[in-house]
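Participant: fold the following.
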Amino acid sequence: MPASSARLGFGLAAVGRPAYITTDRDADLGDPVDRSIPALRGRAHLLLDEAWGLGIRYIDVARSYGLAEEFLGGWLAAHPGRRSGIVIGSKWGYAYVGGWKMDAAVHERKEHSAAMFDRQWPETLAALGSAPDFFLIHSVTPDSPALADIEVLQRVRRLRAEGVRVGLSTSGPHQADVIRAAMRLDDSPFTVVQSTWNLRESSAGAALVEAHDAGWTVVVKEALANGELASAVPGGALASAASGVAPDLFALGAALSQPFADIVLSGATTLAHLRRGVEARALEVDRSVLAELATDPSDYWRRRSERPWR
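Facilitator: As a prediction, the model looks like this:
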């Protein structure tokens, strides 16, 4: 079993709901009219079986990932002996409101309040059939009230006392500021962070090193930039930097080589994607190459926000 599989996680964001912002979904999932709940449940279970067989032991879900928690909970119920062998990370603070429609006007709704926690924690327990190992505030940004909300912090501290590791995921051009603000809290309850780091957006790297050095578990998301780094224009900067290595393996390898990266997520939608991820090996990338490939964080996140739900 490849050593890299122990550090690779599998995220169900792209298969827990019919529409998402990753590229090539029609090629990967087929006609949108065929993305029924039974069809995606079956796909999720096949992928979870494959992930288990490949040695992947971290599974990432969230309340806002459609029925991802329910799909995972059903798979665990069918394989009860596997629960003790995996680590589950889930997230609260967003609700899925897309109604299983491809053309929904709004797919997710954000709310970082104590009331939202009180609603979503029982929903997570019911969907999974047991408590997740990690429970994160989903996509904290500088304008989120979560890190200053006494009631929210009371809730997550209580959860920590019950044995669940609490943390936060980050997004947007100021991820590093959020990570450091969470670390500076008096009696900070957080020991897990899930952040975007990839060859296009590496600005959180120094803060993630600090979190890792402080004993936090660091989960890297979007290592392929929602599919943008899965291919490269011949003769372009990415192809030149990869120097004969396939772009997807180069991007994943760069993430795996980071000193802070405990887990690197794969957002696979096909068995081939999942198997491909396990082929990746850590690849040291020179800082000058990282600088050449990186884009301005504000531009990166603006373009990401403009991605259509497919």
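Participant: tell me which element S90 falls in.
Facilitator: strand 87-92 (DSSP states H and E).
Participant: contacting residues around that strand?
Facilitator: With CB atoms under 8 Å, 6 or more residues apart in numbering as the test, strand 87-92 has contacts from 9, 57-64, 69, 72, 116-117, 120-121, 124, 128, 132-139, 169, 192, 194, 219. To be clear about C-beta, it is placed using only N, CA and C from the backbone, and glycine gets the same treatment.
Participant: following it, which helix or strand comes up?
Facilitator: strand 94-96.
Participant: may I have the strands that pair with that next one, each with its orientation?
Facilitator: Strands adjacent to strand 94-96 in the sheet, as given by DSSP bridges, are strand 108-110 (antiparallel).
Participant: next, the buried residues of the partner strand.
Facilitator: Using 16 or more other CB atoms under 10 Å as the test for burial, strand 108-110 gives E108.
Participant: state the mean pLDDT of it.
Facilitator: The average pLDDT for strand 108-110 rounds to 98.
Participant: quick one: the helix or strand following that strand to strand 87-92, angle?
Facilitator: Using DSSP H and E, the helix or strand that follows strand 108-110 in sequence is helix 114-128. For helix 114-128 against strand 87-92, the angle by axes from the mean of the first three to the mean of the last three CA atoms, to 10 degrees is 140 degrees.
Participant: go ahead and flag the most central residue of the protein.
Facilitator: K221 (4.2 Å; CA atoms, centre = their mean).
Participant: wait, it touches G11, no?
Facilitator: Yes - using CB atoms under 8 Å, K221 is in contact with G11, at 7.0 Å.
Participant: quick one: distance of the strand holding S90 to the chain centre.
Facilitator: A distance of 10 Å separates the C-alpha centroid of strand 87-92 from that of its chain, computed with CA atoms, centre = their mean, to the nearest Å.
Participant: same check on stretch 197-210?
Facilitator: For stretch 197-210 - counting by CA atoms, centre = their mean - the centre lies 15 Å from the chain centre.
Participant: and the contacts of the host helix or strand of G167?
Facilitator: Using DSSP H and E, G167 maps to strand 165-170. Under the criterion CB under 8 Å, 6+ apart, residues 91, 133-141, 146, 156-157, 159-160, 178-179, 182, 189-196, 204, 216-217, 219, 221 lie in contact with strand 165-170.
Participant: again with stretch 213-223
Facilitator: 9, 11, 58, 60, 89, 134, 165, 167, 169, 183, 190-198, 201, 208, 211-212, 229, 251-252, 254-255, 258, 260-265, 267.
Participant: could you identify the buried members of the residues you listed?
Facilitator: Buried subset of the contacts of stretch 213-223 (neighbour count, 16+ other CB under 10 Å): 9, 11, 58, 60, 89, 134, 165, 167, 169, 190, 192-198, 201, 208, 211-212, 229, 251-252, 254-255, 258, 260-265, 267.
Participant: can you tell me which of the residues you listed end up in strands?
Facilitator: Secondary structure assignment by DSSP state E places 9, 11, 58, 60, 89, 134, 165, 167, 169, 190, 192-196, 263-265 of those in strands.
Participant: what's near enough to touch L46?
Facilitator: L271.
Participant: chain center to the host helix or strand of it: distance?
Facilitator: Per DSSP H and E, L46 falls inside helix 37-54. Taking CA atoms, centre = their mean, one finds helix 37-54 lying 17 Å from the centre of the chain it belongs to.
Participant: where's D49 relative to I86, distance?
Facilitator: As judged by CB to CB, to the nearest Å, D49 and I86 stand 12 Å apart.
Participant: let me redo that: P32
Facilitator: 30 Å.
Participant: neighbour count for those two, which is higher?
Facilitator: For P32 versus I86, neighbours defined as other CB atoms under 10 Å are more numerous around I86 (19 against 14).
Participant: so where is the protein shaky, pLDDT-wise?
Facilitator: The chain contains residues with pLDDT under 70 at 1-4.
Participant: locate the residue of it with the greatest distance from its centre.
Facilitator: Outermost in the chain, CA atoms, centre = their mean: G235 at 30.3 Å.
Participant: and that residue, that's in a strand?
Facilitator: No - per DSSP: H, G, I helix; E, B strand; the rest coil, G235 lies outside any strand segment and is coil.
Participant: ok so, going back, quick check: next helix or strand after the strand holding G167?
Facilitator: helix 175-184.
Participant: buried ones in that next one?
Facilitator: Under the neighbour-count criterion of 16+ other CB under 10 Å, helix 175-184 has Q175, A176, V178, I179, A181, A182 buried.
Participant: could you do stretch 139-147 as well?
Facilitator: For stretch 139-147, a neighbour-count test (16+ other CB under 10 Å) marks S139, V140, T141, S144, A146, L147 as buried.
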